[in-house]
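A predicted structure for the sequence below; I have some questions about it.
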Protein chains: 2
Amino acid sequence: MRRSEIRGHLLDTALRLFNLHGYHATGIDLLIAEAGVAKTTLYRHFETKEDLILAALERRDEQSRAEMRAFVEQRANGPYERLLATFDFLEASVRDKQFRGCIFMSAAGEHKEAVDPVFRAAVMHKRLVLAYFEELAHAARFAEPKRVAETINLLHEGATAVAQVTRTGEPVRRSKRMAASLLAEEARAPTEPSARSAGAERQATALNAGRS
Amino acid sequence: MRRSEIRGHLLDTALRLFNLHGYHATGIDLLIAEAGVAKTTLYRHFETKEDLILAALERRDEQSRAEMRAFVEQRANGPYERLLATFDFLEASVRDKQFRGCIFMSAAGEHKEAVDPVFRAAVMHKRLVLAYFEELAHAARFAEPKRVAETINLLHEGATAVAQVTRTGEPVRRSKRMAASLLAEEARAPTEPSARSAGAERQATALNAGRS
DNA sequence: GCTTAAATATACCGACCTGTATCGTTTTGC
DNA sequence: GCAAAACGATACAGGTCGGTATATTTAAGC
């Protein structure tokens, strides 16, 4: 292995082990054994275990958001359909045999203090994902894109949590149907039940087309 | 402290620390110091730390489900309103200053193997909560009580997960509104959009009354 | 090709981990 | 009230934790 690849290889190994066993349960000795690297090397790249965790989360944050974007943009064309396609991406993630729950939620669950850098890194990831949902909701011309984004986000988190214990993709499909239903409602009645707009009608049509 | 109370006191102390710091991060030495008990005493009541965790989860499972039942039954009369009142109970839990996420999800997150007894205990709790939702959904005469229960459950989990990172009760209120909307839809169209029933109409009315 | 930086292997550190052993004291149940 | 059981305090075992030190080998860059 070329030396320039070692850092990335260490982070990938760390992410795999963190996902399999958690953060506290993953020891440095196991990590370097799995990575096939000397302990000195690890500590040349990362000052402490916490630094390693933070770097790993940062890497995974960028990876997973880029993957979601690519998946969604390739799968669906309109922003409305893309909002729903995020659930297809999530389902693919959850159906992975190695799926053990969201590693950012696990990170927050093992580092519960709000000031803990690891907790904050997990929060940051969640904020960026939410921002992507809001971007899509805005592009879909929803009257309240923030509200829509938070709805989608809540369904994502619920599906992920349930899937973590059921170990099936079914909760994700259920949450997608719930999202479709709620978005249709949202498009139908942006604020007041009487305040329909032509744009909202168009969205409702797109939504029904997106249902499967 | 009377000796008959020691076991319960140990479990309560353990649950408090598990909630604050997690399972791996909570050491036996800290636990006995906080409980004001000798190590010998702890190991007379529980063979291993895992046994302690399992007993603590069992205790908390019974406590929290009994509390939810009591809260919901006191707060609302009809099963339909009670289904929504579960979110009020959840909001109260989440607004607690000590809230650090669902301890059963944390347990599953730190013990990821499906055969791990701790993981299985967490799954068992989730199943029992789901059964309660289904009981309420059945009493509310929904056409598909299982589906309704899983919808409520997914919204609970989503709200809890989001609240774990935002540290606010707002996601729970949002999820309650989503539940109200989805249940209204469910009552309106139990299976086919055309298959309305008198019971479903009554439910829709009850639901609207439950909205705030 | 030579210098420099980074890799390796290994031994080690102090702290902390779960769990046990010992022993004197206190409480419980009959 | 007395025997048996549970308690508290302490010391300790064996292992693992995160992290360092040292000395040798390997590879990268000018």
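Structure's in. What do you need?

domain assignment for chain A?
Domains of chain A are assigned by automatic domain parsing as A:1-46, A:58-210.

Single out the most deeply packed of these.
Ranked by mean neighbour count, the domains of chain A are led by domain A:58-210 with a mean of 19 (mean count of other C-beta atoms under 10 Å in any protein chain shown). Where C-beta positions appear, they are placed from N, C-alpha and C, glycine not excepted.

And whichever residue of chain A sits closest to DNA strand D, how close does it get to A:Pro171?
Per C-beta to the nearest atom of the strand, A:Gly27 is where chain A lies closest to DNA strand D, at 2.8 Å. Relative to A:Pro171, A:Gly27 is positioned 32 Å away (C-beta to C-beta, to the nearest Å).

before we move on, what about A:Ala131?
In terms of C-beta to C-beta, A:Ala131 sits 24 Å off from A:Pro171.

for the helix of greatest length in chain A, packing partners?
Longest helix of chain A, by residue count under DSSP state H: helix A:49-75. Where contact means 3 or more C-beta pairs under 8 Å, 6 or more residues apart in numbering or on different chains; DSSP states H and E, helix A:49-75 is packed against helix A:6-21, helix A:79-95, helix A:103-110, helix A:117-139.

Just want the angle from the helix or strand just after the last one to helix A:79-95.
It stands for helix A:117-139. Next helix or strand after helix A:117-139 toward the C-terminus (DSSP states H and E): helix A:145-166. Using axes from the mean of the first three to the mean of the last three C-alpha atoms, to 10 degrees, the direction of helix A:145-166 lies 20 degrees away from that of helix A:79-95.

so, in contact with chain B or not, helix A:145-166?
Yes. With C-beta under 8 Å from any C-beta of the partner chain as the criterion, chain B is reached by helix A:145-166 at A:150-151, A:153-162, A:164-165.

Isn't A:Glu113 up against A:Ala122?
No. The criterion here is C-beta atoms under 8 Å, and A:Glu113 misses it with A:Ala122 at 11.8 Å.

Distance check, A:Leu42 against A:Ile28.
In terms of C-beta to C-beta, A:Leu42 sits 7 Å off from A:Ile28.

same check, this time on A:Glu113
22 Å.

sorry, back to before: just put the helices and strands packed on helix A:49-75 in JSON lines and tack on distance to B:Leu84.
Conversion of those to JSON lines gives the following (distance: least, C-beta to C-beta, whole Å):
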{"stretch": "helix A:6-21", "distance to B:Leu84": "36"}
{"stretch": "helix A:79-95", "distance to B:Leu84": "25"}
{"stretch": "helix A:103-110", "distance to B:Leu84": "26"}
{"stretch": "helix A:117-139", "distance to B:Leu84": "25"}
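
Would you reformat those helices as CSV and include distance to B:Leu11 and mean pLDDT?
Formatted as CSV, those follow (distance: least, C-beta to C-beta, whole Å; pLDDT from 0 to 100):
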stretch, distance to B:Leu11, mean pLDDT
helix A:6-21, 26, 97
helix A:79-95, 33, 98
helix A:103-110, 21, 98
helix A:117-139, 26, 98
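
Within range of DNA strand C, give me the residues from chain A.
Within chain A, the residues that sit near DNA strand C (C-beta under 7 Å from any atom of the strand) are A:Arg3, A:Ile6, A:Gly36, A:Val37, A:Ala38, A:Lys39, A:Thr40, A:Thr41, A:Arg44, A:His45.

Give the full set of residues in contact with the spatially closest residue to A:Lys176 that is not a sequence neighbour.
Leaving out its chain neighbours, the residue that sits closest to A:Lys176 by C-beta to C-beta, 6 or more residues apart in numbering or on different chains is A:Phe87, at 3.7 Å. Going by C-beta atoms under 8 Å, 6 or more residues apart in numbering or on different chains, A:Phe87 touches A:Leu155, A:His156, A:Ala159, A:Val172, A:Arg173, A:Ser175, A:Lys176, A:Ala179.

related to what we said a few turns ago, could you redo the domains of chain A as a markdown table and give each row distance to B:Ile32?
Below are these laid out as a markdown table (distance: least, C-beta to C-beta, whole Å):
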| stretch | distance to B:Ile32 |
| --- | --- |
| domain A:1-46 | 20 |
| domain A:58-210 | 21 |
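
quick revisit: looking at the residues of helix A:145-166 next to chain B, which is nearest chain B?
Nearest to chain B among the residues of helix A:145-166 next to chain B: A:Gly158, at 2.7 Å, using C-beta to the nearest C-beta.

these two touch, right, the closest one and B:Glu150?
No. If you go by C-beta under 8 Å, A:Gly158 and B:Glu150 don't touch, sitting 10.3 Å apart.

Overlap of the contact sets of those two?
By C-beta under 8 Å, 6+ apart, the residues touching both A:Gly158 and B:Glu150 are A:Pro171.

Can you name the residues of chain A sitting close to chain B?
Within chain A, the positions near chain B by C-beta under 8 Å from any C-beta are A:20-22, A:24-25, A:100-101, A:105-106, A:108-110, A:112, A:114, A:122-123, A:126, A:150-151, A:153-162, A:164-165, A:167, A:171, A:174-175, A:178, A:181-182, A:185.

what's the spacing between A:Lys126 and B:Ser175?
For A:Lys126, the distance to B:Ser175 equals 16 Å [C-beta to C-beta].

correction: A:Glu186
15 Å.

for A:Thr151, same thing?
9 Å.

Check A:Ala25 too.
31 Å.

Check A:Ala35 too.
41 Å.

just A:Asp96 next, same as before
Using C-beta to C-beta, we find A:Asp96 at a distance of 26 Å from B:Ser175.

Ok, A:Asp61 next?
Counting by C-beta to C-beta - A:Asp61 and B:Ser175 are separated by 25 Å.

Then A:Asn153?
11 Å.

Now do the spatially closest residue to A:Ala131 that is not a sequence neighbour against chain B, distance only.
Spatial nearest neighbour of A:Ala131, chain neighbours left out: A:Ala149 (7.8 Å); criterion: C-beta to C-beta, 6+ apart. Applying C-beta to the nearest C-beta, to the nearest Å, the value for A:Ala149 to chain B is 11 Å.

circling back to that earlier point, now the helices and strands packed on helix A:49-75 in TSV, please, with extra columns for distance to DNA strand D.
Shown next, in TSV, are these (distance: least, C-beta to the nearest atom of the strand, whole Å):
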stretch	distance to DNA strand D
helix A:6-21	10
helix A:79-95	26
helix A:103-110	12
helix A:117-139	13
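
Which one of the ones you listed lies nearest to A:Leu52?
Of all these, helix A:6-21 sits nearest to A:Leu52, with 5.9 Å by C-beta to C-beta.
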